[in-house]
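Visitor: Sequence first, then the predicted structure, then my questions.
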Amino acid sequence: MHRCAKHLLVLVGGLVFTVVPALAAGSTIHIDSTAFKTTQTLKIGGAELKPGDYVIRGKESQPQLDVLENDKVIATVPCQWVRLDKKADQSRVLSSNSQVTEVQFQGRTEAAKIG
C-alpha cells in the first residue's frame, strides 16, 4: 500500500478503518484526536457506532474520550492511559469482538485503553 496519501487504511481485527490524524491548535492542554471510518457496527464503552465516519478525541491525563460524529459529541467513554513501548507511528483504533479496546495516537507514547 502506498503511504503518501493523507488517509491511512488500517486493518484491525478484520475491520478496515481509514485513519486521519487531526491536530489540536491553540490549546494549552494537549488534545489528541483521530478520525476513522468503520465498515461494521462497533461498540465503544456503552455507545454503538454504526458504519460511518467518526472522530475520537482525548485530553492528556483525562480519564475519558469523546466520540464525535458530524462534529457533535455522541458519546463520552471512560479510558485509562497506558504507556507504549515507543511512539505510535500512526493512529490506530483497535478492536476485539466488535468492541473498541484501545486508541493509539500518532507520535504519542501513551494510548487510551477502553474497558
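Guide: Structure received. Numbers count the residues shown, from 1 in each chain.
Visitor: for the record, mean pLDDT for stretch 40-53?
Guide: Here stretch 40-53 scores 95 as its mean pLDDT.
Visitor: and it, which residues are buried?
Guide: 42-45, 49 (16 or more other C-beta atoms under 10 Å). Backbone N, C-alpha and C define where each C-beta goes, glycine included.
Visitor: for stretch 63-71, same thing?
Guide: Quick answer for stretch 63-71 (16+ other C-beta under 10 Å): 65-68.
Visitor: I'd like the distance between residue 86 and residue 42.
Guide: 26 Å (C-beta to C-beta, to the nearest Å).
Visitor: got it, and residue 63?
Guide: 21 Å.
Visitor: Count the residues that sit near residue 57.
Guide: Residues contacting residue 57 under the criterion other C-beta atoms under 10 Å number 20.
Visitor: With adjacent residues omitted, what lies nearest to it?
Guide: The shortest distance from residue 57 to any residue other than its chain neighbours is 4.0 Å, reached at residue 33 (C-beta to C-beta, 6 or more residues apart in numbering).
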